[in-house]
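1. okay, predicted coordinates and the sequence, questions at the end:
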Amino acid sequence: MGDLEDPDLPVVADAATGIPVWRRWLADPLPLLLLTGAAGLAVSAALLPAAGAVWLVPALFAVVVAGLALSGST
């Protein structure tokens, strides 16, 4: 296997790829996971005083987080 520090390997700058920074951030699942987590906590806090299926929100939240985590890694 080749060494990652091999001086013969080409170095590609971010600007040379042509992918803008906002597009890379949009493709990153971490901000979406954080937003989903905040929304799940807000909905759970809103349902806390009410009598009902409070377990439903964390369960659905876990399914969404698992799906987002499996959809891709950075």
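-> Cool, got the structure. Numbering: from 1, shown residues only.

2. show me which residues of whichever strand or helix holds Gly37 are buried.
-> In the assignment (DSSP states H and E), Gly37 maps to helix 29-47. Residues Pro29, Thr36, Gly40 are the ones in helix 29-47 that count as buried (16 or more other CB atoms under 10 Å). The C-beta positions use only the backbone N, C-alpha and C, and glycine is treated the same way.

3. now the first one: how far from Ala45?
-> Read it as Pro29. Counting by CB to CB, to the nearest Å, the gap between Pro29 and Ala45 amounts to 24 Å.

4. now swap in Val65 and tell me
-> 17 Å.

5. where does the chain have low pLDDT?
-> 1-16, 51-54, 72-74 (pLDDT under 70).

6. what about the closest residue to Pro31 other than its chain neighbours, which helix or strand?
-> Nearest residue to Pro31, sequence neighbours excluded (CB to CB, 6 or more residues apart in numbering): Trp25, at 6.8 Å. Assigned by DSSP H and E, Trp25 belongs to helix 21-27.

7. who does that helix touch, helix- and strand-wise?
-> With contacts defined as 3 or more CB pairs under 8 Å, 6 or more residues apart in numbering; DSSP states H and E, helix 21-27 has no helix or strand neighbours.

8. just the CA trace of it, in PDB.
-> The C-alpha coordinates for helix 21-27 follow below in PDB (Å, rounded to 0.1, in the frame of the first residue of the first chain):
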ATOM      1  CA  VAL A  21     -18.400  25.600   1.100                       C
ATOM      2  CA  TRP A  22     -22.100  26.000   1.600                       C
ATOM      3  CA  ARG A  23     -22.800  22.900  -0.500                       C
ATOM      4  CA  ARG A  24     -20.400  20.900   1.600                       C
ATOM      5  CA  TRP A  25     -22.100  22.100   4.800                       C
ATOM      6  CA  LEU A  26     -25.500  21.300   3.300                       C
ATOM      7  CA  ALA A  27     -24.300  17.700   2.500                       C
END
